[in-house]
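Trainee: fold the following for me, if possible:
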Amino acid sequence: MLVLGLLLMAGAAAFAGLLIAYNLSGGPDYTVTLLGSEPFTISTLGAFLGGIALTLIFGLGMWMLLAGTVLARHRGKKRRRERETARQATAERDALAGRLEGRGSSADAADETAGHRRPAAHRPQWLRPHGHH
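Mentor: Predicted coordinates for the structure are as follows:
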């Protein structure tokens, strides 16, 4: 959308510049000279309406350029927020996994020193002896 807006703006500006440069002579009816040819004759009203049309096309191109820029900025912000959220979730997951690993091994050690042994059904999978699944 950015490139299309820029192309519309450049095309309208170039066309208007060429029309002005090649048509500086006046009169009630203007013979339009564009790039060495005379494609049509235009009245004062036609020239006025053509100027309005070129202005609208230029404005549309500028609007598309600005809208594309804003859209790209919003997408970038959204991606940065998503990456930060993913980083936080990963850090929380790792912290919880570290706590669970630390708590599980100390609880088993405390139970074994006290002479208690939790039944295998209540122990987490990674704490069960091999072969007793």
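
Trainee: and the gap between the residue nearest the centre of the chain and residue 68?
Mentor: Residue closest to the average C-alpha location in the chain (CA atoms, centre = their mean): residue 75, at 2.7 Å. Distance from residue 75 to residue 68, counting by CB to CB, to the nearest Å: 11 Å. Bear in mind the C-beta positions are built from the backbone N, C-alpha and C, glycine included.

Trainee: tell me, how many residues neighbour the residue lying closest to residue 66 once chain neighbours are set aside?
Mentor: Of all residues not flanking residue 66 in the chain, residue 5 sits nearest, at 7.7 Å (CB to CB, 6 or more residues apart in numbering). For residue 5, the neighbour count with other CB atoms under 10 Å is 19.

Trainee: same thing with residue 7?
Mentor: 13.

Trainee: also residue 58?
Mentor: Applying other CB under 10 Å, I find that residue 58 has 18 neighbouring residues.

Trainee: excluding chain neighbours, give the residue nearest to it in space.
Mentor: residue 12 (4.1 Å).

Trainee: report the separation between the one you found and residue 1.
Mentor: 17 Å.

Trainee: out of these two, which sits in the more crowded spot?
Mentor: More crowded of residue 12 and residue 1, by other CB under 10 Å: residue 12, with 20 against 13.

Trainee: tell me who's in contact with that one.
Mentor: By CB atoms under 8 Å, 6 or more residues apart in numbering, the residues touching residue 12 are 54, 57, 58, 61.

Trainee: one more pass at 10 Å, please.
Mentor: 53, 54, 55, 56, 57, 58, 59, 60, 61, 62 (CB atoms under 10 Å, 6 or more residues apart in numbering).

Trainee: just among those, which is most surrounded?
Mentor: Counting neighbours by other CB under 10 Å, residue 61 leads the contacts of residue 12 with 20 neighbours.
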